[in-house]
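# Build me a model:
(chains A and B)
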Amino acid sequence: DSGVTQTPKHLITATGQRVTLRCSPRSGDLSVYWYQQSLDQGLQFLIQYYNGEERAKGNILERFSAQQFPDLHSELNLSSLELGDSALYFCASSTTGTGGEKLFFGSGTQLSVL
Amino acid sequence: EDQVTQSPEALRLQEGESSSLNCSYTVSGLRGLFWYRQDPGKGPEFLFTLYSAGEEKEKERLKATLTKKESFLHITAPKPEDSATYLCAVQITRGSARQLTFGSGTQLTVLP
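Residues are numbered from 1 along each chain as shown, chains lettered A, B, ... in the order given. Alright, predicted model coming up:
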């Protein structure tokens, strides 16, 4: 158990809908990362937050947004969903978020867009 | 452009048959190379971090090495429980932030 909690584990929705994925980092970790994993793209970095503020942005679509709350949990919002958004979404956390440190990954949320 | 390439894509070994997985990278200013293990339906699990050419790290049957252009994950006398996808990642700097760029992984199957 990595100590990172993601909910829900599975999500099935329709095109055009909006969903919210939730992540609770390990106790004491200030940084949260979101990754998307699909069969054809591998593990793609989306966005990173550190202590409530956005620190780095990767290949995140404009339809996607995220935030980190004062209690350090994070949410990833996906809107106007398309079939191609179906993927496994992982949250990871680390202590300082400055790099050079290992990430602890949650078990992921499997999103299916029908 | 920063790039991480893993080979082979898939590898099937008999129990006890040692082999190596490769991770080659093209990055401007490597600040760390990471190896992770991922089991089906689970998130990646950290194995090793290597920072400089010539560095080696070991854990049970796994040994990771690093050169200036690639890293190898050597698996000695593997067991069926070593079956998993092994991912390597390099740490790159974008502006003031550092992020991990992952390779597509090597799916290892160890047959009893």
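
# Would you mind giving me the confidence score for the one residue sitting closest to the centre of chain A?
With distances taken as CA atoms, centre = their mean, residue A:34 lies nearest the centre of chain A, 3.1 Å away. Looking at residue A:34, its pLDDT stands at 96.

# Name the residues of the helix or strand hosting it that come out as buried.
If you go by DSSP states H and E, residue A:34 is part of strand A:31-38. By neighbour count with 16 or more other CB atoms under 10 Å in any protein chain shown, strand A:31-38 contains the buried residues A:31, A:32, A:33, A:34, A:35, A:36, A:37. Quick note: C-beta positions are derived from backbone N, CA and C, even for glycine.

# Need the phi and psi values for the residue lying closest to residue B:47 once chain neighbours are set aside.
Spatially, and ignoring its direct neighbours in sequence, residue B:47 is nearest to residue B:35 (4.3 Å; CB to CB, 6 or more residues apart in numbering or on different chains). Main-chain dihedrals, residue B:35, degrees, to the nearest 10: phi -120, psi 130.

# and the helix or strand hosting residue B:87, anywhere near chain A?
Using DSSP H and E, residue B:87 maps to strand B:84-94. Yes. Strand B:84-94 reaches chain A (CB under 8 Å from any CB of the partner chain) through B:87, B:89, B:91, B:93, B:94.

# can you put those in JSON lines and add pLDDT and neighbour count?
Converted to JSON lines, those look like this (pLDDT from 0 to 100; neighbours: other CB atoms under 10 Å in any protein chain shown):
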{"residue": "B:87", "pLDDT": "97", "neighbour count": "26"}
{"residue": "B:89", "pLDDT": "93", "neighbour count": "24"}
{"residue": "B:91", "pLDDT": "83", "neighbour count": "20"}
{"residue": "B:93", "pLDDT": "73", "neighbour count": "15"}
{"residue": "B:94", "pLDDT": "68", "neighbour count": "13"}
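
# is stretch A:64-72 anywhere near chain B?
No. Judged by CB under 8 Å from any CB, stretch A:64-72 and chain B are separated, with a smallest distance of 14.3 Å.

# typo on my end, it should be stretch A:37-51
Yes. Stretch A:37-51 reaches chain B (CB under 8 Å from any CB) through A:42, A:43, A:44, A:45, A:48.

# Just among those residues, which is most surrounded?
Counting neighbours by other CB atoms under 10 Å in any protein chain shown, residue A:48 leads the residues of stretch A:37-51 next to chain B with 28 neighbours.

# Give the bridge partners for it, please.
Beta-bridge pairing for residue A:48 (DSSP bridges): residue A:33, residue A:56.

# In the chain, what residue spans correspond to strands?
Since no chain was named, I'll use chain A. Here chain A has its strands, by DSSP state E, at A:5-7, A:10-13, A:19-24, A:31-38, A:42-50, A:53-57, A:64-68, A:74-78, A:87-94, A:104-105, A:109-113.

# Actually, chain B is the one I wanted.
Counting by DSSP E, the strands of chain B are B:3-7, B:10-14, B:19-26, B:33-38, B:45-50, B:56-59, B:62-66, B:70-75, B:84-94, B:97-102, B:106-111.

# which helices and strands does the shortest one pack with?
Counting contacts by 3 or more CB pairs under 8 Å, 6 or more residues apart in numbering or on different chains; DSSP states H and E, strand B:56-59 packs against strand B:45-50, strand B:62-66.
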